[in-house]
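K.L.:
Need a 3D model of the sequence below.
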Amino acid sequence: MKISFHGAAKGVTGSCHLIECGEKRILIDCGLYQGGHELVEENTHDFGFDPSSIDFLLLTHAHLDHCGRIPLLTKKGFKGAVITTAASVELARLVMLDSAGLQEEEAAYQLRKAKRRRNNLATVAPPLYTTLDALNSLEFFGRRACYNTPEQLAPGIKATFLDAGHILGSSSIFLELEENGTHKNVLFSGDLGYSNRAILNNPATPPNVDVVVMESTYGDRLHKQLQPSIEELYSVINETIGHGGNVIIPTFAMERAQEILYFLREGIKHNKVHHFAHVFLDSPMAISATEIFKRHSECYNAETLNLFNNKEDPFNFSGLHFTRETSESMSISQIDAGAIIMAGSGMCTGGRVRHHLKHNIWNKKCSIVFVGFAAYGTLARKIIDGAKSVKIFGEDIPVRASIHTIGGFSAHADQAELVEWHSKTGQPATTYLVHGEEKSMIQLASTLKDTEVKIPTLHEKFEL
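P.N.:
Numbers count the residues shown, from 1 in each chain. Presented below is the predicted three-dimensional model:
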C-alpha cells in the first residue's frame, strides 16, 4: 500500500492525493491550482500519475481547488468512477462548468489581444478544458455517497464519507484497506469546518485510524469567534451605509454567500442592521448555488431545518436582489451609496467583484469586507496586506476605502479545531499535513502529539 501527493503539497490549492492498494488506484480529489502565475502554471504540468490508471476518484467536496481538474483528468484518459455526495455532485457541476467558461473567455480574450498586436497566435495558451470537456466529465460521476454508509469499492477497499461541516455536501473520507493480510485505516480530513456554525452540521467525530491526511489552512492561527464577527459585520454595514458609502463583500459562491445572506436576514429581522440597504448578490454562480442549497436539507443543522419546516427562507429578505444578467451587474456600478454588493470571486482573481472594486475601492466612504481566506498572490491578499494601490483591468487604482478582514466567517477549522479533531483519531502512526502554506503546516505540526508528522512535497510517495 502506498500514498502519494500530487497537489496541495506545501501549498493551499490543487488538492490531489493517490492511494494504491492491491491492483486498485484511488484518487482523493483533483483540484485546480489557484493564486499567482506560478501556481496557475502548475495546472498545465503532468499530474504525476497516469490518469487512465485511476479506478476511483473520491471527491471530498465541490470547491474548485478540490474538483477543478476533474475535466482535465477525464480529458487525459480517466475512465473510472467519481464518487461523492449528492449535494457535491450538483455543486461540482456548477463549479466545473463555470471554470470552463472562464477559461474559454480568457483564451478568447488573449487571442483577440494577440491579433490586435499582430503577435504569434501560437503563443496563446488554449483553455485547460472546455465546457464540452466539463460536461463530458459529468458522465463519470457514478454512485452517490451517503454519510456514514460504507461503500465497498473493491475486495479489501471500503470507503465511508463523513460530514466535514465545511460546505454543503463536504466530507472527510475514511478508507479501510487490506492488502496481503495487512490492514490500514486511512482518514482524509478534506477541508474541515468548525463547530456551531450557521446552516450546516458540525464536523463528524472521526474514527480511530492508522494514518491521517489533514488540511492545515489555518494551522497557525485562531479565528475570531463567530458572534463577534457577525456583530463586526453589522457595525461595518451601519457605519458605511450611514456615511453614504457602499459595502463590497468579495464572496465565495458556495457556503460563504449563503452564510452572509443568512446573517443579513437575521440582522434585518432583529434590527441589528439600522439602515435599509439594497443587497445585491451579483453572482450567477452564487445564485445557482443558493438554489442547490434549498434542495439538500439532509446537510442542514437543526436550526436551519426548523426554518424551512416553518416555511421561512433563510436566504431571502426585503431589499435582496439576485442579479444574473451582465446588464444588471453593470447598472449596480451606478449606485453611489446605500448598497451592499456581494460578488465573486472571493479572492478577487476574477468575476464581477473586480468591477465593483474598481468603482468603489478609491472612495473613502466605502468599505471592502473580506470574509474568507485569500491565497498568496491574489488581488484580495494584496489588498488585505495593505497595498496603497492595486491594478484592476490594467489600471492602477488607489486604495482609499476602509478594508476589513473578518476571520470568524471562515469555512475552515482554525488551529484549535484542527488539533481537537485530530485528537479524536486515536494515536495515528503518521499524520500528513496538506492544503496549507508551509508556515501554517510547521506551526500545526508542533502542536500535534503522539503521531509522526510529515509534510510531503509535490509527487512524493510513501509506504503506508
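K.L.:
What ranges in this structure fall below the confidence cut-off?
P.N.:
Across the chain, the ranges flagged by pLDDT under 70 are 36, 121-122.
K.L.:
Determine the longest helix present in it.
P.N.:
The longest helix of the chain (DSSP state H) is helix 86-116.
K.L.:
Could you list the buried residues of stretch 309-328?
P.N.:
In terms of neighbour count (16 or more other CB atoms under 10 Å), stretch 309-328 has its buried residues at 314-315, 317, 320, 322-323. Every residue, glycine included, has its C-beta placed from N, CA and C.
K.L.:
Please list all residues in contact with Asp29.
P.N.:
Shown in contact with Asp29 (CB atoms under 8 Å, 6 or more residues apart in numbering): 7, 15-17, 57-60, 66-67, 190.
K.L.:
right, and the helix or strand after the longest helix of the chain?
P.N.:
The helix or strand immediately downstream of helix 86-116 is helix 131-137, counting by DSSP states H and E.
K.L.:
Work out for me the element the closest residue to Gly344 other than its chain neighbours sits within.
P.N.:
Excluding its sequence neighbours, the residue lying closest to Gly344 (CB to CB, 6 or more residues apart in numbering) is Gly351, at 4.0 Å. Per DSSP H and E, Gly351 falls between elements, in no helix or strand.
K.L.:
Would you confirm that Gly351 contacts Met342?
P.N.:
No - Gly351 lies out of contact with Met342 (CB atoms under 8 Å); the separation is 11.2 Å.
K.L.:
any common contacting residues for the two?
P.N.:
By the contact definition CB under 8 Å, 6+ apart, Gly351 and Met342 are jointly contacted by Ser283.
K.L.:
Between these two, point out the one with more neighbours.
P.N.:
Using other CB atoms under 10 Å, the more surrounded residue of Gly351 and Met342 is Met342, with 29 against 24.
K.L.:
Might you report the residue contacts of that one?
P.N.:
Counted by CB under 8 Å, 6+ apart, Met342 has contacts 249, 251, 257, 260-261, 279-283, 286.
K.L.:
Turn those into JSON lines, including distance to His412 and secondary structure.
P.N.:
Supplementary listing: these in JSON lines, determined by distance: CB to CB, whole Å; DSSP: H, G, I helix; E, B strand; the rest coil:
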{"residue": "Ile249", "distance to His412": "18", "secondary structure": "strand"}
{"residue": "Thr251", "distance to His412": "16", "secondary structure": "coil"}
{"residue": "Ala257", "distance to His412": "16", "secondary structure": "helix"}
{"residue": "Ile260", "distance to His412": "16", "secondary structure": "helix"}
{"residue": "Leu261", "distance to His412": "20", "secondary structure": "helix"}
{"residue": "Val279", "distance to His412": "25", "secondary structure": "strand"}
{"residue": "Phe280", "distance to His412": "26", "secondary structure": "strand"}
{"residue": "Leu281", "distance to His412": "22", "secondary structure": "strand"}
{"residue": "Asp282", "distance to His412": "25", "secondary structure": "coil"}
{"residue": "Ser283", "distance to His412": "21", "secondary structure": "coil"}
{"residue": "Ala286", "distance to His412": "19", "secondary structure": "helix"}
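K.L.:
buried ones in the longest helix of the chain?
P.N.:
Across helix 86-116, burial judged by 16+ other CB under 10 Å covers 87-100, 102-104, 107, 110.
K.L.:
Quick one: list the elements packing against that helix.
P.N.:
Applying 3 or more CB pairs under 8 Å, 6 or more residues apart in numbering; DSSP states H and E, one finds that helix 86-116 contacts helix 64-67, helix 70-75, helix 131-137, strand 141-145, helix 284-293.
K.L.:
Could you check the angle it makes with strand 141-145?
P.N.:
Interaxial angle, helix 86-116 versus strand 141-145 (axes from the mean of the first three to the mean of the last three CA atoms, to 10 degrees): 140 degrees.
K.L.:
centre of the chain versus helix 86-116, how much separation?
P.N.:
Remark: helix 86-116 is offset 17 Å from the chain centroid, using CA atoms, centre = their mean, to the nearest Å.
K.L.:
How about stretch 310-328?
P.N.:
On CA atoms, centre = their mean, the centre of stretch 310-328 falls 22 Å from that of its chain.
K.L.:
what does stretch 157-169 give?
P.N.:
Using CA atoms, centre = their mean, the offset of stretch 157-169 from its chain centre is 15 Å.
K.L.:
got the CA positions of it in PDB?
P.N.:
Presented in PDB, the C-alpha positions along stretch 157-169 are these (Å, rounded to 0.1, in the frame of the first residue of the first chain):
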ATOM      1  CA  ILE A 157     -11.200  -1.500  -0.100                       C
ATOM      2  CA  LYS A 158     -14.000   0.200   1.700                       C
ATOM      3  CA  ALA A 159     -14.800   4.000   1.800                       C
ATOM      4  CA  THR A 160     -17.000   5.900   4.200                       C
ATOM      5  CA  PHE A 161     -17.900   9.500   3.800                       C
ATOM      6  CA  LEU A 162     -18.300  11.500   7.000                       C
ATOM      7  CA  ASP A 163     -19.800  15.000   7.300                       C
ATOM      8  CA  ALA A 164     -16.900  17.500   7.300                       C
ATOM      9  CA  GLY A 165     -19.100  20.600   8.100                       C
ATOM     10  CA  HIS A 166     -17.200  22.700   5.600                       C
ATOM     11  CA  ILE A 167     -19.600  23.400   2.700                       C
ATOM     12  CA  LEU A 168     -22.800  21.800   1.600                       C
ATOM     13  CA  GLY A 169     -22.100  18.100   1.000                       C
END
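K.L.:
Can you give me the buried ones in that stretch?
P.N.:
The neighbour-count check on stretch 157-169 (16+ other CB under 10 Å) flags 157-169 as buried.
K.L.:
got TSV for those, with distance to Pro228 and secondary structure too?
P.N.:
Formatted as TSV, these follow (distance: CB to CB, whole Å; three-state DSSP):
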residue	distance to Pro228	secondary structure
Ile157	45	strand
Lys158	42	strand
Ala159	39	strand
Thr160	36	strand
Phe161	33	strand
Leu162	30	strand
Asp163	26	strand
Ala164	25	coil
Gly165	20	coil
His166	22	coil
Ile167	23	coil
Leu168	25	coil
Gly169	29	coil
